[in-house]
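S.K.: need a structure here:
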Amino acid sequence: MCISAVTNLRASLFVDTPLVSVDFDGQVVLEWVAGPRRLSVFATDDAITYVKSWGTNIHSDMEDGALASDEELRDLLRWLDG
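M.R.: I've put the predicted structure just below:
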């Protein structure tokens, strides 16, 4: 999976540029906010995972998982775009 999936999709969606951060261990975090919807993507050497939320209840308003393809990331960005 590559970051080009994000850049290529941005042209057709109203998704802002993500907030990008890197920690001391090299984990990269991409974060987007669109109204009540939030998407965080975490990239490490071993995996790329995500957390998406649309409210404050951690049991019913959040979902997390692993990303295995560019298409899964595109689907999350489409969800964020609403």
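S.K.: Please name the residues that touch the residue lying closest to residue 18 once chain neighbours are set aside.
M.R.: Leaving aside its sequence neighbours, residue 18 sits nearest to residue 30 (CB to CB, 6 or more residues apart in numbering; 4.1 Å). No exception for glycine: its C-beta is placed from N, CA and C like everyone else's. With contacts defined as CB atoms under 8 Å, 6 or more residues apart in numbering, residue 30 is in contact with 6, 18, 19, 20, 40, 41, 43.
S.K.: swap the cut-off to 10 Å and go again
M.R.: Counting by CB atoms under 10 Å, 6 or more residues apart in numbering, residue 30 makes contact with 3, 6, 17-21, 39-43, 48, 50, 73.
S.K.: Of the residues you listed, which is the nearest to residue 82?
M.R.: Taking CB to CB as the measure, residue 82 lies nearest residue 39 of the contacts of residue 30, at 11.5 Å.
S.K.: hang on, the earlier thing: show me which residues of the helix or strand hosting the residue nearest to residue 18 are buried.
M.R.: Per DSSP states H and E, residue 30 falls inside strand 28-34. Residues 30, 32, 34 are the ones in strand 28-34 that count as buried (16 or more other CB atoms under 10 Å).
S.K.: Let me have these in CSV, adding pLDDT as columns.
M.R.: Shown next, in CSV, are the buried residues of strand 28-34 (pLDDT from 0 to 100):
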residue, pLDDT
30, 91
32, 91
34, 89
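S.K.: most distant residue from the middle of the chain?
M.R.: Distance from the C-alpha centroid of the chain peaks at residue 24, with 20.4 Å (CA atoms, centre = their mean).
S.K.: I'd like the mean pLDDT over the lengthiest helix in the chain, please.
M.R.: In the chain, with assignment by DSSP state H, the single longest helix is helix 70-81. The pLDDT scores in helix 70-81 average 89.
S.K.: what's across from the closest residue to residue 79 other than its chain neighbours in the sheet?
M.R.: Nearest residue to residue 79, sequence neighbours excluded (CB to CB, 6+ apart): residue 52, at 6.8 Å. Under DSSP bridges, the beta-bridge partners of residue 52 are residue 39, residue 63.
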